[in-house]
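Peer 1: only geometry, no sequence info:
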């Protein structure tokens, strides 16, 4: 594998767009408080920025200034339905996973794909911290969010084969 230098401009754009469209899709899933969910997204990005070392994909995302994207994410949530955001997220995730599988090593691709998934998971859990789901089911993540996380993990190629 040659590495991230083999990615086209369009593939770099898909890498960043996938992150943001997935975050918006999860934020629109259940009403958990946009600010709390946005803060959860930023916390995951910060964790990965501290631990990613030289991962070019994570560095590319950081260059897009995720902490400054609040208004853009709110606009996405208002412009598209939750289902539209999820559909776009899954399509982008499959496309990104395929491009990365073809052009970069798993050592380079997996941390970025995991970042996308971990961000969606943290956003889902942030919604549950307000107690919206814990009283009825004891779960912090709603059934709708849990189903999306399963689909997302598969689309990103992170699902374990049984």
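Peer 2: Yep, that arrived. Worth saying up front: this structure is predicted, and the values here are computed from it rather than measured.
Peer 1: excluding chain neighbours, what is closest to residue 81?
Peer 2: residue 28 (7.7 Å; CB to CB, 6 or more residues apart in numbering). For glycine as for every other residue, the C-beta is placed from the backbone atoms N, C-alpha and C.
Peer 1: and that neighbour, how many neighbours?
Peer 2: Neighbour count of residue 28, defined by other CB atoms under 10 Å: 23.
Peer 1: ok, now how distant is it from residue 51?
Peer 2: Between residue 28 and residue 51 the distance is 28 Å, computed by CB to CB, to the nearest Å.
Peer 1: for the chain, which spans come out with low pLDDT?
Peer 2: Confidence mapping of the chain against pLDDT under 70 gives the ranges 1-3, 30-32, 52, 128-139, 160-162.
Peer 1: surely residue 21 and residue 84 touch.
Peer 2: No: taking contacts as CB atoms under 8 Å, residue 21 lies outside contact range of residue 84: 9.7 Å.
Peer 1: neighbour-wise, which of the two wins?
Peer 2: Just comparing residue 21 and residue 84: by other CB under 10 Å the higher neighbour count belongs to residue 21, 25 against 14.
Peer 1: in which helix or strand would I find that one?
Peer 2: helix 9-27 (DSSP states H and E).
Peer 1: what packs against that helix?
Peer 2: Using 3 or more CB pairs under 8 Å, 6 or more residues apart in numbering; DSSP states H and E, the elements in contact with helix 9-27 are helix 34-51, helix 56-63, helix 70-79, helix 82-103, helix 106-128, helix 143-155.
Peer 1: many thanks, we can stop here.
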